[in-house]
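> Structure here, sequence nowhere to be found:
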């Protein structure tokens, strides 16, 4: 049975909403790519699909959040109202909706917006 990781979840949502072209493909990567590298793969992928880096203070529902694991931003979530997020949670092997607090909040490092997401 297939699944979705923290990159493919927002990618699929953005494609379904027409925010990125169906012709844009994600690179193939290991789930552990971030453990021994300082290569900012997620930042580059988001730039390549047209996402714009924004200040955390301007965050709004629909924006993407980046969380640091090891040396780089290596996890993504979609911001929702009331300081909550939806993301692919690796440990539970499912997509979860949770409050942005605790360890998740301490790892928050970056945010991006897609063109075409209404304010």
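All right, it came through fine. Everything numeric in this text was worked out from a predicted model, so none of it was measured.
> For the helix or strand containing residue 53, which outside residues touch it?
Assigned by DSSP states H and E, residue 53 belongs to strand 52-54. Here strand 52-54 makes contact (CB atoms under 8 Å, 6 or more residues apart in numbering) with 43, 46-47, 63, 110-115. Where you see a C-beta, it was placed from the backbone N, CA and C, and this is true even at glycine.
> Please pull out the lowest mean pLDDT helix or strand from this protein.
Using mean pLDDT, DSSP states H and E, the weakest-scoring helix or strand in the chain turns out to be helix 41-48, at a mean of 82.
> buried residues in that helix?
If you call a residue buried by 16 or more other CB atoms under 10 Å, then helix 41-48 has these buried ones: 41-43, 45-46.
> now the residue nearest the centre of the chain: how far from residue 102?
Most central in the chain under CA atoms, centre = their mean is residue 76, positioned 2.5 Å from the mean C-alpha point. Using CB to CB, to the nearest Å, residue 76 is found at 18 Å from residue 102.
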